[in-house]
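1. whatever this is, show me its structure:
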Amino acid sequence: MINRRRFIHATAFTSFASLFSKNSWAAVPTGAVKDKPIVISTWDAGIEANKAAWEILKNKGRALDAVEKGVMVTEASQNCCVGLSAYPDRDGFVTLDACIMDEFFNCGSVAFLERIKHPISVARRIMEKTPHVMLVGNGAQQFAIEHGFVLEEQKLSADAQRAYDDWLKTSEYKPVINIENKKGQQFNHDTIGMVAMDANGNLSGSCTTSGLSFKMRGRVGDSPIIGAGLYVDNEVGACTATGVGEEVIRISGSHTVVELMRQGLSPEAACKKAIERIIKIKKEKIKDIQVAFLALNKKGEVGSFAIQKGFSYAIRNNSTEKLIPAKSWF
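-> Presented below is the predicted three-dimensional model:
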């Protein structure tokens, strides 16, 4: 006959074990993933970034290697708004932020980094070589140099220099929502976020940015923050964000999307639910804000949702290579 103490102990142990079982966490079952491997990334720059990632994925390489190499293409570009040629802060300096996360919850991040060409690689080195997750500013630069990264000269692209010169004419010292002019249209894309699933079904993600155009000196947004600009849970899915980082940070955006997928929502439905939270918070101010989420679940399903029209994402798998316009609230 079991006594009361043993009964309570056995019951507590059973409840504890149940709490941490896969079923209680509602992990998305792995199963057979259609069109695996797969890589997705934000904005039109994602097309070229995905090509580099795909070279690794198609040869059964690891998703972590793919998401690093993919966004390095964008960081090295002289004609976009990520990397050393990007839009500067209000004092004329380009500062870079990035983070990376693998299938084992390992993650690395760098913020307010100057004169280093590939912040995403510095973030990975932090992940692999230090007990920390994030290094910033001079400390991050010193770490990069000590690990073989070369100090580069800052050289703005022609478009970035022209935009900065125009901004200096008024120098309105107020937040500017990273607006770039391109063929007469306006775009909000200073960031590239990428998530991938490799042939083994494992997930990883990366995110890299130059931050808001003409931002205050020292400002850091969501992109290098694990759980905001990027989050990966290999049992459930991965998400990355783009847009006004302050609003993404406010709701721990990418982590929120992954947790909503854990509850059973599709990637698109999870992204939409996160966007609705921001809309509820900002109310009438939402018309001046753009945020978008892009997610991939463990089944290989992809989804996205944005506040404003105009956001698109790139996808590459065995059957598809294209740019897809995301659904939006407005």
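2. could you list the low-pLDDT ranges of the stretch 151-300 of the chain?
-> Within the stretch 151-300 of the chain, the segments meeting pLDDT under 70 span 172-189.
3. which stretches in it count as helices?
-> For the stretch 151-300 of the chain, the helices defined by DSSP state H, counting those that start in this stretch cover 158-168, 245-250, 253-262, 267-282.
4. can you give me the buried ones in the longest one?
-> Just to be clear, that refers to helix 267-282. By neighbour count on 16 or more other C-beta atoms under 10 Å, the buried set for helix 267-282 is Pro267, Glu268, Ala269, Ala270, Cys271, Lys272, Lys273, Ala274, Ile275, Ile278, Ile279, Lys282. All C-beta atoms are positioned from the backbone trio N, CA, C, and that covers glycine.
5. ok, so of those residues, who is nearest Lys298?
-> Closest approach between these and Lys298, by C-beta to C-beta: Pro267, at 10.4 Å.
6. that closest one contacts Lys299, correct?
-> No. At 9.2 Å, Pro267 does not count as touching Lys299 under the criterion of C-beta atoms under 8 Å.
7. hmm, back to that, turn the buried residues of helix 267-282 into JSON lines, columns for distance to Ile226.
-> Converted to JSON lines, these look like this (distance: C-beta to C-beta, whole Å):
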{"residue": "Pro267", "distance to Ile226": "19"}
{"residue": "Glu268", "distance to Ile226": "23"}
{"residue": "Ala269", "distance to Ile226": "23"}
{"residue": "Ala270", "distance to Ile226": "18"}
{"residue": "Cys271", "distance to Ile226": "18"}
{"residue": "Lys272", "distance to Ile226": "23"}
{"residue": "Lys273", "distance to Ile226": "20"}
{"residue": "Ala274", "distance to Ile226": "16"}
{"residue": "Ile275", "distance to Ile226": "20"}
{"residue": "Ile278", "distance to Ile226": "19"}
{"residue": "Ile279", "distance to Ile226": "24"}
{"residue": "Lys282", "distance to Ile226": "24"}
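8. what's the burial count for the closest residue in space to Asn297 that isn't next to it in sequence?
-> Excluding the flanking residues, the one nearest Asn297 by C-beta to C-beta, 6 or more residues apart in numbering is Gly237, at 3.7 Å. Using other C-beta atoms under 10 Å, Gly237 has 31 other residues around it.
9. now swap in Glu153 and tell me
-> 6.
10. grab the nearest non-local neighbour of it.
-> Leaving aside its chain neighbours, Glu153 sits nearest to Arg115 (7.3 Å; criterion: C-beta to C-beta, 6+ apart).
11. thought that neighbour was touching Thr95?
-> No. Between Arg115 and Thr95 there is no contact under C-beta under 8 Å: 9.6 Å.
12. quick one, which of the two is more surrounded?
-> With neighbours defined as other C-beta under 10 Å, Arg115 and Thr95 compare such that Thr95 has more, 25 against 18.
13. ok, now which ones touch that one?
-> Residues counted as contacts of Thr95 (C-beta atoms under 8 Å, 6 or more residues apart in numbering) are Asp89, Phe112, Leu113, Glu114, Ser210, Gly211.
14. who's the residue nearest to Asn297 bridged to?
-> Beta-bridge pairing of Gly237 under DSSP bridges involves Asp233, Asn297.
15. show me what contacts it?
-> Gly237 sits in contact with Val28, Leu203, Val258, Met261, Pro267, Ala295, Leu296, Asn297, Lys298, where contact means C-beta under 8 Å, 6+ apart.
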